[in-house]
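Asker: Following is a predicted model, sequence given first.
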Amino acid sequence: MNNNQESLLACHDLTMSFQEGILHVDVLKGINVEINAGESVAIIGSSGSGKSTLMHLLGGLDLPSSGEVIVDGEKMNNLSESERGKLRNRSLGFVYQFHHLLPEFTAEENVAMPLLIAGESVKKAKSAAREILDKVGLAERIAHKPSELSGGERQRTAIARALITNPKCLLADEPTGNLDRDTADQVFELMMELQRSMNSALLIVTHDIELANRMDKVFKLENGLLVLN
């Protein structure tokens, strides 16, 4: 760990195993990684190598077989499901390959949702949503529903939603995997720019080596172990 900086997201000796009938599968075999404020990290690896499993563990969506995950100084393993949920909503932002926007709500309403869940007033949540939608270039599209937005616009809306709580760490799982090259580049640059301006940590799982190489560090997940690429 950097002595001058406490890591915002870390895991120590993380393992994950699955039992399928008589078959025992060790997906992760002792993962160690630490990400500091302002740092960007990419994890690459073949399909089925366990990248998304690792992302779910780091985001507190699942618990590991052994080892620990620390988010913003708090050990996930020591928290109840409800406490993990609060920590996730407060300290983490998530972006996925598929935007997961709620189809019946406008871009503004979708982006405001995390603040409303956290107990913010509708007025303040919508004001914050408009502000961040403006930052991602969607000021003119706030009243549009997901079906009325392009693929790139939907992903930019999803990024705005992930960042509206000013998370300490943004976790992105194949965030540009569903987009054409030009749109993927634009969305990726936007995500990097916002992450830098907020001095948050960014962890991205991707198959796209070109995008991965723009990050501060690239790790490869291979045979259940994470190695610096």
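Answerer: Yep, it's here.

Asker: buried stuff in the helix or strand of the chain with the lowest mean pLDDT?
Answerer: Across the helices and strands of the chain, mean confidence by mean pLDDT, DSSP states H and E is lowest for helix 181-198: a mean of 80. Residues of helix 181-198 classed as buried under the neighbour-count rule (16 or more other CB atoms under 10 Å) are 183-188, 190-192, 194-195, 198. Every residue, glycine included, has its C-beta placed from N, CA and C.

Asker: got it, and stretch 153-168?
Answerer: For stretch 153-168, a neighbour-count test (16+ other CB under 10 Å) marks 153-165, 167-168 as buried.

Asker: Among these, name the ones in helices.
Answerer: For the buried residues of stretch 153-168, the ones inside helices are 153-163, with DSSP state H as the criterion.

Asker: Just the closest of those residues to Glu39, please.
Answerer: Proximity of those to Glu39, judged by CB to CB, is greatest for Leu163, which lies at 16.5 Å.

Asker: what about Met215, which SS state?
Answerer: Assigned with DSSP: H, G, I helix; E, B strand; the rest coil, Met215 falls in the coil class.

Asker: Can you report how many residues lie near it?
Answerer: By the measure other CB atoms under 10 Å, the count of residues near Met215 is 20.

Asker: And Gly67, by the same measure?
Answerer: Residues lying near Gly67 (other CB under 10 Å) number 17.

Asker: again, but for the one 10 residues further on
Answerer: Other residues within reach of Asn77, judged by other CB under 10 Å, total 14.

Asker: just so I have it, where are all the helices in this structure?
Answerer: Counting by DSSP H, the chain has these helices, from start to end: 51-58, 81-91, 107-117, 122-135, 151-163, 181-198, 209-212.
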